[in-house]
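Visitor: Have a look; sequence and predicted model below, questions after that.
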Amino acid sequence: FFLPNHVFLFSLSSLTPSDVQLLLNKHFLYRYNKLGYCTSNFESISWEYPAGQESRMAERLKELSSALKDSLQNANNLIELLAFCQSDDASVVECAVECIQETFCHFLAISSGPASKVYLRPNDDIEEATLTADEKLDFWLRRHYSLALDNLQELMLHEEDSVQEAATMALCVLTEAETRARSRPRKRAKQQLQRAPARPYQYAVFTSRRIVLSLLDDARSSGVPLQAVAEFMSHDDFRFHILKTMDMIIKEKLESETTSPEFVSNCFAVLKAVVMPKFADQLGSFFVDMSDSATEPPVKKSKPGVDAEDKRRKDFYGDAGCLSGHRRVFSTVWLSFLRLPLPSAIIGRVLNNLHTTVMPHMVNPKLLIDFLTDAYDAGGAISLLALNGLFLLINKYNLDYPDFFPKLYALLQPSIFYQKYCSRFFRLANLFLSSSHLPAYMVAAFAKRLSRISLTAPPAGCVVAVAMITNLLKRHPSCKTLIHRHIDDRLLDDDGEFLPPPEVTLDADPFISCEEDMSKCRALDSCLWELQSLRNHYLPVVVKSLSLLETVNDIVEIDLEQYLELSYDSLYDGLESAEACLVAAVSDQSSKVVPVVTLP
C-alpha cells in the first residue's frame, strides 16, 4: 500500500502496533539523516540539532501540519509529526504536540470524507483485500489517530513539566473535538429507520480514559497535568466522565490488589480538584449544546415536581445531564476511594474538608459512618478531624451514635492544647455541649476535666478552658454546685433565725480523673478548685480571665471565638490588647471572683 509523495510500503494485516512504530521511526530517520538532524540509531531516536536549528524545526513542523490539513495527499506528514514526539528537545516535542492537536481537530471537524470518522477504533481483523482505496486511507488515519493518542498519553508522564502540560491540554482538546464529531447528526440507513433512535450525544469515553490513566499513574505525580485538566472541569460532561472512569480504575485496582501510595495520592489530588454543582440550574456547560443538534429531544410533559429543562437535558446527555447523576457518580467514586489503603496523612486531609466539600453532595452520606467512626477511634489529630463529619451525620441525618460523647470526653487530655487543630476542637466541643438536654453528670464531668487539664495548659489554653466552663455552667444551672456548694440542713440560733451556712470543706477530691465513664467519675460530688489555683498564674491575663466566672448568672453566653485566636504572640507582644479583649467580655465590676470551694 503506497501513500502519495513517499516510497513507504507496509502490509496492514501483518504488522503489530509496535512494528508499525519501529517502521515509522526507521522511515523518519532515513529521510532526516541526510539533513544531519539525528543519528543512525534505529532503536531509539537521539536528536542532535545544529546550533540555531530549533526554530527551523518548529517551522518544519508547522509546514507539515499545514500541508496535511490542506490535502490528504500529504498524509505521510503525519508520520513525521509523530516521530518528532520522540525528540529529546522539549521545545520540539511541545511544537509537535500542538501540531498534532491542530491536525486532528481539523480532521474531527470535517463532516464527510475519510478523515471525518478518524475517531473510530481500527479493526485489526480487517482483510486488506476487501478494502477500497478510500477505506484503506480511512483505516490508516484511524490507526495513526490511535497512535497519536498513545504518544500523548505517554507524554503526560514526560520529565519536563511543559511537555506534560502540552500533552494534557492536547488530549483534553481532542476529547472535546471528538465528542463533537461523534455527536454530529448523520443520516440513518433505511434499515435503521424502524429502530428506536439512539441518543445523539456520544462522549469520547476512550480518549477521556487515557487522561485519567495518566493522572492516576503511580510513576509520577499528577500535579502539572492536573492543572491543565482542572481548566476543563468546568464542563459538566467532562467532569462526570472523569469521575466515572476514575471509579472504574479504582475498582480494578482493588480487585487486583495493586494499589500504591502514589496511586492513592494521585486519586485524592483529582478528587480534591472537583467542584460539584449545588443546584440543577448550575448545569449547562457541555461540549455539545442541545441547540446545535438537529435531533434535539422534544419537549415532553414532565411529571409533577420534575423540571422540564432537567428532563430534556437528561434525555440528551444521559446521567451527565442531571444533578442526581452527578451526585451518584460522585458518591460512588468517593466510596471506592475510601476503600483504598489510605495512609494517615491522606486520611487527615480527607477529613479536613469532608463535611464541607464531600458530604453535602453525596446521595447518602450515612454510608460514611464506618469510615468516620474508625477515624474517630484512631485517636490524636485524626479523631479531632472526624468530629465535623460525625456531628453532621448526627445532627442532620439523625445518626444514632451512643459513644459520641464518651469518646469526646476521652479526647480531653492535656495534649489537646498542643494539637494542630486545637481551635477547631474547642469550637466544635462548645457546639456539641450547647444542648440543654444533656444530663447534669455529663456536663459536670466535662467541666471538671477542663478544669483539671487547665493546670498544665499553656496560657491561651487556660483562658479557653475558663470560658468553656463558664458557658457550661450558664447552660446547666444544676452544675453551679461546682462553684457554689451549700448545706441544706441549716441551723437555727437561739432567736430562731437561720445561721449562715458553714464553709464547705473536702478532705479529698472525690473526682476520679482516670475513669472514662462519666456517670462513675463523681464529678458532681467535686468542685472546681483548679480554677482557684489559676489565681496564682504567672501571667496576669490568665488571672484576669477568671473574672469570666462572675458572669455565670447572666443569660448571654460568652463568644468563644475571640479566645480561640489567642496565642503566645498575642499574649506577650500584645498583652494590653488581650487584656482589653477580656475586660470587654465581662461585666465592669469588681475583679473579685465568685468564691470557689477549696480543699484545705
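Guide: Received the coordinates, thanks.
Visitor: Give me the number of neighbouring residues for the nearest residue to Leu392 once chain neighbours are set aside.
Guide: Once flanking residues are discounted, Leu392 sits nearest to His355: 5.0 Å by CB to CB, 6 or more residues apart in numbering. Where you see a C-beta, it was placed from the backbone N, CA and C, and this is true even at glycine. Other residues within reach of His355, judged by other CB atoms under 10 Å, total 21.
Visitor: Wait, His355 touches Leu387, no?
Guide: No. Taking contacts as CB atoms under 8 Å, His355 lies outside contact range of Leu387: 9.1 Å.
Visitor: List the contacts of Ala273.
Guide: Residues near Ala273 by CB atoms under 8 Å, 6 or more residues apart in numbering: Leu226, Val229, Ala230, Met233.
Visitor: Give me the subset of those that lies in helices.
Guide: Counting by DSSP state H, the contacts of Ala273 place Leu226, Val229, Ala230 in helices.
Visitor: that older thread, now a ChimeraX select for only the buried ones of the contacts of Ala273.
Guide: This is how ChimeraX selects the buried members of the contacts of Ala273, with burial counted by 16 or more other CB atoms under 10 Å:
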select :226,229,233
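Visitor: Format the contacts of Ala273 as a markdown table; extra columns: distance to Glu309.
Guide: Shown next, in a markdown table, are the contacts of Ala273 (distance: CB to CB, whole Å):
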| residue | distance to Glu309 |
| --- | --- |
| Leu226 | 32 |
| Val229 | 28 |
| Ala230 | 27 |
| Met233 | 23 |
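Visitor: can you tell me which two in the contacts of Ala273 are farthest apart?
Guide: Farthest apart among these by CB to CB are Leu226 and Met233. That separation is 9.6 Å.
Visitor: ok so, going back, may I see the ones in helices among the contacts of Ala273 arranged in CSV, with pLDDT as well?
Guide: Below are the ones in helices among the contacts of Ala273 laid out as CSV (pLDDT from 0 to 100):
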residue, pLDDT
Leu226, 90
Val229, 91
Ala230, 90
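Visitor: Tell me where the stretch 101-250 of the chain has helices.
Guide: 133-155, 161-182, 205-215, 223-232, 236-256 (DSSP state H, counting those that start in this stretch).
Visitor: nope, the stretch 301-450 of the chain is what I was after
Guide: 308-317, 323-338, 344-353, 369-378, 380-396, 404-411, 422-432, 440-453.
Visitor: quick one, the fourth one and helix 344-353 angle?
Guide: Right, the one you point to is helix 369-378. If you take axes from the mean of the first three to the mean of the last three CA atoms, to 10 degrees, helix 369-378 sits at 110 degrees to helix 344-353.
Visitor: Quick one: work out the angle between helix 369-378 and helix 404-411.
Guide: Using the same axes, to 10 degrees: helix 369-378 against helix 404-411 is 30 degrees.
Visitor: For Phe139, grab the count of nearby residues.
Guide: So Phe139, with other CB under 10 Å, has 20 neighbours.
Visitor: next one: Ser434
Guide: With other CB under 10 Å as criterion, Ser434 counts 12.
Visitor: deepest of the helices of the stretch 101-250 of the chain, which one?
Guide: With neighbours defined as mean count of other CB atoms under 10 Å, those peak in mean count at helix 161-182, which reaches a mean of 22.
Visitor: what does the average pLDDT come to for that helix?
Guide: Here helix 161-182 scores 93 as its mean pLDDT.
Visitor: what's that helix packed up against?
Guide: Contacts defined by 3 or more CB pairs under 8 Å, 6 or more residues apart in numbering; DSSP states H and E place helix 161-182 against helix 90-109, helix 133-155, helix 205-215, helix 223-232, helix 236-256.
Visitor: right, so of those, which gets closest to Val288?
Guide: helix 236-256 (7.9 Å).
Visitor: how close does Arg220 sit to Gln73?
Guide: According to CB to CB, to the nearest Å, Arg220 and Gln73 sit 40 Å apart.
Visitor: Tell me which of those two has more neighbours.
Guide: Arg220 (17 against 12).
Visitor: Leaving out the residues flanking it, which one is nearest to that one?
Guide: In space, Arg220 is closest to Leu157, 5.1 Å off (CB to CB, 6+ apart).
Visitor: can you list the helices and strands packed on helix 161-182 in CSV and add distance to His361?
Guide: What follows is the helices and strands packed on helix 161-182, written out as CSV (distance: least, CB to CB, whole Å):
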stretch, distance to His361
helix 90-109, 33
helix 133-155, 30
helix 205-215, 20
helix 223-232, 18
helix 236-256, 11
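Visitor: and the residue minimising distance to the centre of the chain, how far is that from His537?
Guide: For the chain, the residue nearest the mean C-alpha position is Lys272 (1.9 Å; CA atoms, centre = their mean). Applying CB to CB, the value for Lys272 to His537 is 43 Å.
Visitor: do the same with Val333
Guide: From Val333 over to His537 (counting by CB to CB), the distance is 52 Å.
Visitor: of those two, who's got more company?
Guide: Between Val333 and His537, counted using other CB under 10 Å, Val333 has the larger neighbour count: 24 against 17.
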